[in-house]
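[1] structure, please.
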Amino acid sequence: MTEPLDLFGAPVMLRSAEFVTPTIRRILSRKWGPGPRALVIGCNPSDAGVDRDDPTSLWWNAWFQLFGFGAYDAANLYPFVSPHPRECRRRVEAAFSGEWHDRDALLANVEHIVALAKAADQVFVCWGNIAWDDFWVDHVVEQIATGVEPYPDLWCWGTTKSGAPIHPMARGRHRIARDQQPIMWRSA
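    Residues are numbered from 1 along each chain as shown. Below you'll find the model as predicted:
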C-alpha cells in the first residue's frame, strides 16, 4: 500500500520525532491536516520514528483521523526506546541505582510531558498494565494536574481490571475497537 500524497507529490502524513540519543525518544509526532492536536502518553517508546510507524502508531493514526484530529504527539512515562518493556524496566531500575545519565533523561522527560500535555487540545493515556511503578505514574499525572494552567483532563480507551488505561495493542477481550469512543480516565 502506498502512502497518500497531496497534489504536489508530498506525503499527506507529516512525521517527526525527537531523539535525545538513539535510545531515548522524547516525542513522536504525526500531522495530516487541520483539526485538534492530541497528546498520547504511553509506557515506553517502541521503534517508531521519522521514517517508520509501528503497530501502535498505526492504530493511533487511524483512530485520531477517524475522530477528526489533525495531529498527535506521543510521549511516554519512560523515554527509553525498546520494543521490549522488560528492557525499559531494566534501564529505569539502573537510573534509580546510580546511572545518572538515564536518571537525568527520565526526570527531564517529565517536564517535557507536562509541557506537551498543557499545550494539547486533548490528552490520552494508554500505558496498560506494563507501567509497573504506580508511584511514578502518580508523579507524572500530578505534575500534569498542578503548576501552571491549564490542567487537562486525561482520557483513555478503556481500563484494565486494576484501573490502568488500556494500550491500543491489548489483545483478547481487552482489544480496543478502532471506533472506540474516548472515556474519561481522570478529570482535572
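
[2] continuing past the least confident helix or strand in the chain by mean pLDDT, what's the next helix or strand?
    Least confident helix or strand, the chain: helix 85-95 with a mean of 91, by mean pLDDT, DSSP states H and E. Later in the chain than helix 85-95, the nearest helix or strand by DSSP states H and E is helix 100-119.

[3] let me know the average pLDDT across whatever helix or strand comes next after that following helix.
    Counting by DSSP H and E, the next helix or strand C-terminal to helix 100-119 is strand 122-125. If you average the pLDDT over strand 122-125, you get 99.

[4] follow-up on the earlier one: report the buried residues of the least confident helix or strand of the chain.
    85, 88-89, 91-92, 95 (16 or more other Cβ atoms under 10 Å). Where C-beta positions appear, they are placed from N, C-alpha and C, glycine not excepted.

[5] likewise for stretch 15-34?
    Going by neighbour count (16+ other Cβ under 10 Å), the buried part of stretch 15-34 is 15, 17-19, 24-32.

[6] stretch 93-104 too?
    Result for stretch 93-104 [16+ other Cβ under 10 Å]: buried residues 95, 102.

[7] do the same with stretch 52-68
    Neighbour-count burial for stretch 52-68 [16+ other Cβ under 10 Å]: 53-54, 56-57, 59-61, 63-65.

[8] in helices, which of those residues appear?
    56-57, 59-61, 63-65 (DSSP state H).

[9] between those residues, which is closest to Ala131?
    Thr56 (14.4 Å; Cβ to Cβ).

[10] was I right to think the closest one contacts Ala170?
    No - if you go by Cβ atoms under 8 Å, Thr56 and Ala170 don't touch, sitting 10.7 Å apart.

[11] all strands of the chain, in order?
    Assigned by DSSP state E, the strands in the chain fall at 14-21, 24-31, 37-42, 71-76, 122-125, 154-156, 183-186.

[12] and the shortest one, average pLDDT?
    In this case it means strand 154-156. pLDDT averaged over strand 154-156 gives 98.

[13] give me the sheet partners of that strand and which way each runs.
    According to DSSP bridges, strand 154-156 forms sheet pairs with strand 122-125 (parallel), strand 183-186 (antiparallel).

[14] what does the fourth one give?
    Here strand 71-76 is paired, per DSSP bridges, with strand 24-31 (antiparallel), strand 37-42 (parallel).

[15] now the ones you listed as TSV including mean pLDDT and distance to Phe124?
    What follows is these, written out as TSV (pLDDT from 0 to 100; distance: least, Cβ to Cβ, whole Å):
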stretch	mean pLDDT	distance to Phe124
strand 24-31	96	13
strand 37-42	98	5
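
[16] same list (the ones you listed) but as TSV, adding distance to Lys118.
    Output for the strands paired with strand 71-76, formatted as TSV (distance: least, Cβ to Cβ, whole Å):
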stretch	distance to Lys118
strand 24-31	14
strand 37-42	9
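
[17] on that earlier part again, taking the buried residues of stretch 15-34, tell me the two that lie furthest apart.
    Farthest pair in these (Cβ to Cβ) is Ile24 and Trp32. Separation: 26.3 Å.

[18] alright, that wraps it up for me.
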